[in-house]
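A.B. asks: okay, structure incoming, though there's no sequence with it:
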């Protein structure tokens with residue numbers, strides 16, 4: 001598991017977003033897939049494994065110690081069980097979640113958690129979500145108001161979502177995130193969705209890290225990225241050109257407001 005390293009607050013202009021992208025902790029489907037890939041279809045909305053709960057506890061301690069938790073204004077989570085468990089386990093309050101052994105964690109200031117269908121995993125055979133009523137009953141602290149259908153209408157038993165379709169959904173999700181008022185947001189999602197979204201943004205992004213940010217996420221790994229627009233002088237016949245960047249947070253930068261520039265969400269991805 002990759003852990004978030006302590007870092008100073010990054011410099012953010014008013015038209016920038018700091019996203020903490022989190023893949024869910026190890027699920028029972030991941031455990032089975034280590035020995036038999038065909039076993040993936042046996043798990044409908046898989047829960048976290050015992051190792052997954054260990055990863056959640058370790059990452060919770062890490063985001064609290066690093067100061068990351070204090071800066072996050074909202075958590076957006078996939079509505080599947082393992083992402084809900086990871087979201088509440090890492091970012092939620094003591095009253096919000098118990099693990100499989102009944103253990104609770106300490107309470108600090110915690111951001112609201114909102115479920116969104118756009119950031120769920122690749123749709124495939126055998127991987128449907130629970131009903132909204134079941135989710136609300138188990139996770140009363142999560143806001144499910146953005147989920148339009150009680151049943152899982154996106155899932156089709158005989159269809160497997162293509163990488164291209166996942167990437168397109170990822171771009172739609174990023175546009176939606178950029179339209180929100182919060183500046184620092186945690187997104188708890190799935191390996192394929194996060195990887196395909198970053199790859200789709202690749203030509204619009206400047207990685208702020210030495211290693212490749214477009215590789216597969218580890219379970220419960222956090223990659224923090226900045227997505228923003230920046231004016232560049234003297235390119236072609238235009239006096240200004242807007243570029244978009246994302247990447248790991250650079251160390252040693254301080255949080256600061258700038259002039260009130262606005263993000264044009266439709267310009268992020270043409």
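C.D. replies: Received it, and whenever you're ready, just let me know what you need. Quick caveat, the model's predicted, so the values are computed rather than measured.
A.B. asks: going along the chain, name the helices of the stretch 151-270 of the chain.
C.D. replies: For the stretch 151-270 of the chain, the helices defined by DSSP state H, counting those that start in this stretch occupy 163-178, 191-200, 265-268.
A.B. asks: out of those, deepest packed?
C.D. replies: Mean neighbours per residue, mean count of other CB atoms under 10 Å, is largest over those for helix 191-200, with a mean of 22. Quick note: C-beta positions are derived from backbone N, CA and C, even for glycine.
A.B. asks: got the contact list for that helix?
C.D. replies: If you take CB atoms under 8 Å, 6 or more residues apart in numbering as the criterion, helix 191-200 is touched by 21, 23, 78, 119-122, 163, 166-171, 173-174, 187, 205, 213-217, 223, 225, 246, 269.
A.B. asks: least reliable of the helices of the stretch 151-270 of the chain by average pLDDT, please.
C.D. replies: Looking at those, the lowest mean pLDDT belongs to helix 265-268 (a mean of 43).
A.B. asks: which intervals of the stretch 1-150 of the chain have sub-threshold pLDDT?
C.D. replies: 1-11, 32-43, 94-108, 123-128 (pLDDT under 70).
A.B. asks: cutoff 50 now
C.D. replies: 4-9, 39-41, 96, 105-107, 126 (pLDDT under 50).
A.B. asks: what ranges do the strands span in it?
C.D. replies: Taking DSSP state E, counting those that start in this stretch as the criterion, the stretch 1-150 of the chain carries its strands at 16-23, 74-77, 113-115, 142-143.
A.B. asks: output those strands in a markdown table, with distance to residue 201 appended to each entry.
C.D. replies: Listed next are the strands of the stretch 1-150 of the chain as a markdown table, based on distance: least, CB to CB, whole Å:
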| stretch | distance to residue 201 |
| --- | --- |
| strand 16-23 | 11 |
| strand 74-77 | 17 |
| strand 113-115 | 22 |
| strand 142-143 | 26 |
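A.B. asks: adding distance to residue 193 and mean neighbour count, write these out as TSV.
C.D. replies: Listed next are the strands of the stretch 1-150 of the chain as TSV, based on distance: least, CB to CB, whole Å; neighbours: other CB atoms under 10 Å:
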stretch	distance to residue 193	mean neighbour count
strand 16-23	9	23
strand 74-77	12	24
strand 113-115	14	23
strand 142-143	18	18
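A.B. asks: out of these, which gets nearest to residue 151?
C.D. replies: strand 113-115 (14.8 Å; CB to CB).
A.B. asks: from the contact counts, what lies against that closest one?
C.D. replies: strand 74-77, helix 81-91, strand 142-143 (3 or more CB pairs under 8 Å, 6 or more residues apart in numbering; DSSP states H and E).
A.B. asks: what's the first one in contact with?
C.D. replies: Same thing as strand 74-77. 83-84, 86-87, 91, 111-116, 119, 142, 177, 180, 182, 185-189.
A.B. asks: quick one on the thing from earlier: mind giving me CSV with the helices of the stretch 151-270 of the chain and columns for distance to residue 61?
C.D. replies: Shown next, in CSV, are the helices of the stretch 151-270 of the chain (distance: least, CB to CB, whole Å):
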stretch, distance to residue 61
helix 163-178, 27
helix 191-200, 22
helix 265-268, 34
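A.B. asks: roughly how far apart are residue 93 and residue 140?
C.D. replies: According to CB to CB, to the nearest Å, residue 93 and residue 140 sit 12 Å apart.
A.B. asks: those two: who's more crowded?
C.D. replies: Neighbours per residue (other CB atoms under 10 Å) separate residue 93 from residue 140, with residue 93 holding more: 16 against 10.
A.B. asks: neighbours around the residue nearest to residue 56 when sequence neighbours are not counted, how many?
C.D. replies: Excluding its sequence neighbours, the residue lying closest to residue 56 (CB to CB, 6 or more residues apart in numbering) is residue 89, at 3.8 Å. Using other CB under 10 Å, residue 89 has 25 neighbouring residues.
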